[in-house]
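Chemist: coords please:
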Amino acid sequence: MKFFRAVFFLVCVFAATGVFAQSSAELKRRRDKLSDELEQLNREYEETKNSKKVSLKQLNILKAQINLREEKITNINSEVRNLDNQISESNNTVRSLQGQLDQLKKEYAGMVLFAYRNQSAYNKLMFIFAAKDFNQAYRRLKYLQQFGTYRERQAGYIQNTQRDLHVKINELDKDKREKRTLLQSQEKEKEELGKAKNNQVKVISDISKQQGSLRKQQSDVRRRLAQTNKAITAAIRREIEIAKREAEEKERARARAEAARAKAENREAVATKPTITKNSTNSEILNATPEAARLSNDFLGNRGRLPWPVANGQLVHGFGTYADADGIRNENNGYEIRTNPNSAVRVVFEGEVRSVVDVAGAYLVVVKHGEYFTSYSNLKSVSVSVGQKVSTKQTIGTVAIDPATGDATMTFTLNKGREFVNPRLWLAPD
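Modeler: Just a heads-up that it's a prediction; the model follows:
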């Protein structure tokens, strides 16, 4: 019975270890990806340092480096916590296995002593013949036979437990070494983070000496951002108006058809309650057709799993407010993403292209997904047209170089009706 309890305990421990290993593997994959992105940013930053003129591109690269290093430190903290849990589990397992091994050895020593005292055939015969009756003699004979088998099995249990103990001790040593390595890596990242922040202060100081060109660049960024938001809002407002007109026209067509049927049947027309009224919400208007309602539901069902609009990229500015080099706070309604020059921009979900416009020399594409809209701005070229149906991950254009920063960036926004929503809640984890 003790043996089976021990086996059950080990199964539970190894199962838990498997869960930790899976989580650790995912964290390691994320750490490696962050390291690759940081290496790329380091190369880009070294290239910008060769230019005597400090630009917003340097500042944006430094901001991206700081964000990635902070995320990497957080990731390492999670890995260390994971290892602490594994080390704690391993310590508990080692103590349990050591206790089981001591108990097995104690029991085995008792059996060896008993066997030693009854090692002669004479003693065994005397043990059997000293029985009260035939049944007891038979049971004693079977006991001696089973005792030998049990003794061999106990020896096997001891060997297996010793082997499991050795394995867990090795795993424990490995986890401790890995934890030391991670902590060293964490200290290095903190040191690099401090350097990046110092560089950021220096770059901002250098940029402040070029107030004229800096303010023009920042002004261009803010103006283009405002123009893009205005174009997106206008496109969505137009779509709501179109959907409302179409729904109202269908209501009128139904009423005319009912009136014609009533006249032909010589009866009064039955008045039906209109589905779209002046008090209808944007959601009701945009979901007035079964196709639109289905698409909205499918889009909502993929919340948190939508692909990114570019295959590879780093987040420059997330959803919400941020301060530029002038200290002026800007409102970002989506995700500003840095990527490689000429990278393909892809739609995140099936839908219909409803707007393609030029904003400050770059294209903006708005795609409708029922009551949801996704927008893709700062595109150098566009490969779709208004009214075209598009599928998930279909390429709709290529990224342009931002004239203000010299970076290949695009901005992705997501709306539910007229309301801008945070893409972080919808896009799959990077």
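
Chemist: tell me the SS of Thr392?
Modeler: coil (DSSP: H, G, I helix; E, B strand; the rest coil).

Chemist: how about it, what does it touch?
Modeler: 307, 347-350 (Cβ atoms under 8 Å, 6 or more residues apart in numbering). C-beta coordinates here come from the backbone N, C-alpha and C atoms, glycine included.

Chemist: can you put those residues in a markdown table and add secondary structure and distance to Ile276?
Modeler: Below are these laid out as a markdown table (DSSP: H, G, I helix; E, B strand; the rest coil; distance: Cβ to Cβ, whole Å):
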| residue | secondary structure | distance to Ile276 |
| --- | --- | --- |
| Pro307 | coil | 34 |
| Val347 | coil | 28 |
| Val348 | coil | 29 |
| Phe349 | coil | 25 |
| Glu350 | coil | 25 |
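
Chemist: can you go through those and name the buried ones?
Modeler: 347-350 (16 or more other Cβ atoms under 10 Å).

Chemist: which among those gets closest to Val367?
Modeler: Nearest to Val367 among the buried ones among the contacts of Thr392 is Val347, at 5.5 Å by Cβ to Cβ.

Chemist: ok, now which ones touch that closest one?
Modeler: Contacts of Val347 by Cβ under 8 Å, 6+ apart are 309, 367, 374, 376, 390-394, 396.

Chemist: what's the weakest-modelled helix or strand in this protein?
Modeler: Within the chain, no helix or strand scores below helix 121-129, which has a mean of 51 by mean pLDDT, DSSP states H and E.

Chemist: which residues in the protein form strands?
Modeler: 314-317, 320-323, 329-332, 334-338, 344-346, 351-359, 362-369, 372-382, 389-390, 395-399, 409-416, 419-421 (DSSP state E).

Chemist: wait, which of the ones you listed is closest to Glu241?
Modeler: Of the strands of the chain, nearest to Glu241 by Cβ to Cβ is strand 351-359, at 12.1 Å.

Chemist: strand partners (parallel or antiparallel) of the closest one?
Modeler: strand 362-369 (antiparallel), strand 389-390 (antiparallel) (DSSP bridges).

Chemist: deepest-packed of those strands, please.
Modeler: strand 362-369 (a mean of 23; mean count of other Cβ atoms under 10 Å).

Chemist: and that strand, average pLDDT?
Modeler: Mean pLDDT, strand 362-369: 94.

Chemist: likewise stretch 400-409?
Modeler: 78.

Chemist: name the surrounding residues that touch that stretch.
Modeler: So stretch 400-409 is in contact with 55-57, 60, 217-218, 220-221, 224, 316, 336-343, 361-363, 378-380, 399, 410, going by Cβ under 8 Å, 6+ apart.

Chemist: returning to what we had before: dump the strands paired with strand 351-359 to a markdown table, plus distance to Arg254.
Modeler: As requested, those are exported to a markdown table (distance: least, Cβ to Cβ, whole Å):
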| stretch | distance to Arg254 |
| --- | --- |
| strand 362-369 | 24 |
| strand 389-390 | 27 |
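
Chemist: nearest to Gln186, of the contacts of Val347?
Modeler: Pro309 (32.2 Å).

Chemist: name the nearest residue to that closest one, ignoring sequence neighbours.
Modeler: With sequence-adjacent residues excluded and distances taken as Cβ to Cβ, 6 or more residues apart in numbering, Pro309 is closest to Phe412, at 4.6 Å.

Chemist: I figured that neighbour hits Tyr376, correct?
Modeler: Yes. Phe412 lies in contact with Tyr376 (Cβ atoms under 8 Å); the separation is 6.1 Å.

Chemist: need the overlap of contacts for the two.
Modeler: Pro309.

Chemist: just to revisit the earlier point, could the contacts of Thr392 go into CSV alongside pLDDT and distance to Glu419?
Modeler: CSV is the format used below for the contacts of Thr392 (pLDDT from 0 to 100; distance: Cβ to Cβ, whole Å):
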residue, pLDDT, distance to Glu419
Pro307, 94, 22
Val347, 96, 20
Val348, 95, 18
Phe349, 96, 18
Glu350, 95, 21
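
Chemist: contacts only, for the nearest residue to Leu183 once chain neighbours are set aside.
Modeler: In space, and not counting its chain neighbours, Leu183 is closest to Val80: 6.7 Å by Cβ to Cβ, 6+ apart. Contacts of Val80 were listed using Cβ under 8 Å, 6+ apart, and they are 179, 182-183, 186.

Chemist: so Val80 versus Ala234, what's the distance?
Modeler: For Val80, the distance to Ala234 equals 50 Å [Cβ to Cβ, to the nearest Å].

Chemist: same deal with Asn332?
Modeler: 19 Å.

Chemist: out of the strands of the chain, flag the one nearest Ala288.
Modeler: Nearest of the strands of the chain (Cβ to Cβ): strand 362-369, 13.2 Å.

Chemist: could you check the angle the closest one makes with strand 409-416?
Modeler: Counting by axes from the mean of the first three to the mean of the last three Cα atoms, to 10 degrees, strand 362-369 lies at 30 degrees to strand 409-416.

Chemist: contacts for strand 362-369 next, please.
Modeler: 224, 228, 231-232, 235-236, 239, 295-296, 299, 345, 347, 349-358, 373-382, 384, 390, 396-397, 400.

Chemist: where do the helices of this protein begin and end?
Modeler: Here the chain has its helices, by DSSP state H, at 2-49, 56-117, 121-129, 134-208, 211-264, 282-286, 290-301.

Chemist: near Arg305, how many residues? Count them for me, please.
Modeler: 12 (other Cβ atoms under 10 Å).

Chemist: my error: substitute Gln40 in the last question.
Modeler: 17.

Chemist: which residues touch it?
Modeler: Here Gln40 is in contact with no residue (Cβ under 8 Å, 6+ apart).
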